[in-house]
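In: 3D model of this:
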Amino acid sequence: MQTIEHKISSDFQTPPEVCKYMVSLIPAGAKTILEPTPGIGNLVAQLNGYKVTAPGNYFDLDKNQRFDCIVMNPPFSSKSAFGVPEHLNKSGMRLGYHILTECMGMSDNVIALMPWFTLSDSDVRLRALKKYGMKSLTALPRKTFEYVRIQTVVIELQKGYKGETTFKVFDLFNYEELPQLF
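Out: Next up is the predicted model:
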């Protein structure tokens, strides 16, 4: 068995407060959870009480498995991923969307932390997510990830959901301590 050596960067790990929020979106009755790209395990640490699958390398995972829910913050690009097969070494930030779409085939409920441009830069992607069932979008503050300039969002997907998509804003910081801007 070949071992893949890698270093997991702490810069792109989901903050514990965001992990707790994402876990709160798991539908009632869910038992089996996939965290496809666990990094250092911040999301997994919040998944107490569930049967969790958190593979060491997502690309070795059997994609025919089914889970009650998938909760994830996939690497957005090949630059921040490891073990990416050559045929999937996508340019730019397409890798995270590739992982998202594969996960949509493994569960009827997906909660994913993704870049905003997953939605805003492609009408095709936006329509595909809406068709699957986009239940809510939660905007995360720009400073959710230190030194990263990518605006992120938590996308709550439920296969077959046809209702209105709820827009939320996540309050990561205590805004009462900030000076008045207006």
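
In: which helix or strand lies directly C-terminal to the lowest-mean-pLDDT helix or strand in the chain?
Out: Within the chain, confidence by mean pLDDT, DSSP states H and E is lowest for helix 117-120 among all helices and strands, at a mean of 83. Counting by DSSP states H and E, the next helix or strand C-terminal to helix 117-120 is helix 123-133.

In: what average pLDDT does the next helix or strand after that next one get?
Out: Using DSSP H and E, the helix or strand that follows helix 123-133 in sequence is strand 134-139. Mean pLDDT, computed over strand 134-139, is 96.

In: CA atoms of the next helix or strand after strand 134-139 as PDB?
Out: Per DSSP H and E, the first helix or strand lying C-terminal to strand 134-139 is strand 152-158. Taking Å, rounded to 0.1, in the frame of the first residue of the first chain, the C-alpha atoms of strand 152-158 are listed here in PDB:
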ATOM      1  CA  THR A 152     -17.300  31.800   1.600                       C
ATOM      2  CA  VAL A 153     -20.800  30.400   2.100                       C
ATOM      3  CA  VAL A 154     -22.400  27.400   3.800                       C
ATOM      4  CA  ILE A 155     -24.700  25.700   1.300                       C
ATOM      5  CA  GLU A 156     -27.500  23.500   2.700                       C
ATOM      6  CA  LEU A 157     -28.700  21.100   0.100                       C
ATOM      7  CA  GLN A 158     -31.700  18.700   0.400                       C
END
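
In: now strand 152-158 and strand 134-139, what's the angle there?
Out: With axes from the mean of the first three to the mean of the last three CA atoms, to 10 degrees defining the directions, strand 152-158 sits at 170 degrees from strand 134-139.

In: strands of this structure, residue ranges please.
Out: 32-34, 51-53, 69-72, 109-115, 134-139, 152-158, 166-169 (DSSP state E).

In: which of these sits most buried?
Out: strand 69-72 (a mean of 26; mean count of other CB atoms under 10 Å). In short, each C-beta sits where N, CA and C put it, glycine included.

In: is residue 152 bridged to anything, and to what?
Out: residue 115 (DSSP bridges).

In: one step back: which residues touch the least confident helix or strand of the chain?
Out: 93, 96, 97, 100, 125, 126, 129, 137, 150, 151, 153, 155 (CB atoms under 8 Å, 6 or more residues apart in numbering).
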